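*Asks:* Sequence and predicted structure below; questions after.
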Amino acid sequence: MKTKHYLTLVDAEFLMNRAIELSIERGYKMSISIVDEAGALLLMKRMDGATPLTAHLSLEKAKCSAMSRRPSKFYEDIIRNGQMGFLTLESVTGMLEGGEPILYEDQLIGAIGVSGAKSFEDAEIAQVAINDFFQQVS
């Protein structure tokens with residue numbers, strides 16, 4: 001038997017609070033979604049002033065990263081490079097930068113999706129929140 005690590009609600013709340021802090025510091029109005037390793041929603045917030053579309057996109061970016069164990073930008077790049085077949089997948093959406101997998105000891109424990117700024121800024125918020133989470137866990 002193996003040990004399975006997973007995100008608790010306290011973990012998800014830490015990630016969420018850090019992502020919101022960073023968003024406020026940078027003046028962004030964002031939606032943030034945190035999912036478990038299967039892509040099931042653990043926590044979502046839409047900041048005041050964030051558009052309804054950002055709520056949908058943040059969840060889809062998080063689910064894409066959880067299902068693939070990759071940053072959602074991986075698929076955006078594939079599509080930009082001409083592999084349009086990925087656009088025909090009805091079961092996979094959120095293939096835009098801003099979703100980041102959360103890996104612990106090489107095991108997927110969840111993902112975070114961020115939407116509301118430029119895509120690279122969405123991804124940066126997610127990455128910093130994840131890095132800060134692991135620094136406080138160690």
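*Replies:* Now that the structure is in, tell me what you want to look at.

*Asks:* What residues of the helix or strand of the chain with the lowest mean pLDDT count as buried?
*Replies:* Least confident helix or strand, the chain: helix 73-80 with a mean of 78, by mean pLDDT, DSSP states H and E. Residues of helix 73-80 classed as buried by neighbour count (16 or more other CB atoms under 10 Å): Lys73, Tyr75, Glu76. C-beta coordinates here come from the backbone N, C-alpha and C atoms, glycine included.

*Asks:* The strand ranked longest in the chain: which residues count as buried?
*Replies:* Criterion DSSP state E: the longest strand present in the chain is strand 107-115. For strand 107-115, the neighbour count (16+ other CB under 10 Å) marks Leu108, Ile109, Gly110, Ala111, Ile112, Gly113, Val114, Ser115 as buried.

*Asks:* Of the residues you listed, which is the nearest to Thr54?
*Replies:* Ser115 (4.1 Å; CB to CB).

*Asks:* Contact partners for that closest one?
*Replies:* Shown in contact with Ser115 (CB atoms under 8 Å, 6 or more residues apart in numbering): Met30, Ser31, Ala50, Leu53, Thr54, Ala55, Leu57, Ser58, Lys61, Gly98, Asp122.

*Asks:* Tell me which two of the residues you listed sit farthest apart.
*Replies:* Ala50 and Lys61 (14.0 Å).

*Asks:* So between these two, which is more surrounded?
*Replies:* Each of Ala50 and Lys61 has its neighbours counted (other CB atoms under 10 Å); Lys61 has more, 34 against 20.

*Asks:* Report the rounded mean pLDDT for the helix or strand the more buried one falls within.
*Replies:* Element membership for Lys61 (DSSP states H and E) is helix 52-68. Average pLDDT, helix 52-68: 95.

*Asks:* Hey, what's the angle from that helix to strand 107-115? Just curious.
*Replies:* Going by axes from the mean of the first three to the mean of the last three CA atoms, to 10 degrees, helix 52-68 is angled at 160 degrees with respect to strand 107-115.

*Asks:* From the contact counts, what lies against helix 52-68?
*Replies:* strand 31-35, strand 41-46, helix 73-80, strand 99-104, strand 107-115 (3 or more CB pairs under 8 Å, 6 or more residues apart in numbering; DSSP states H and E).
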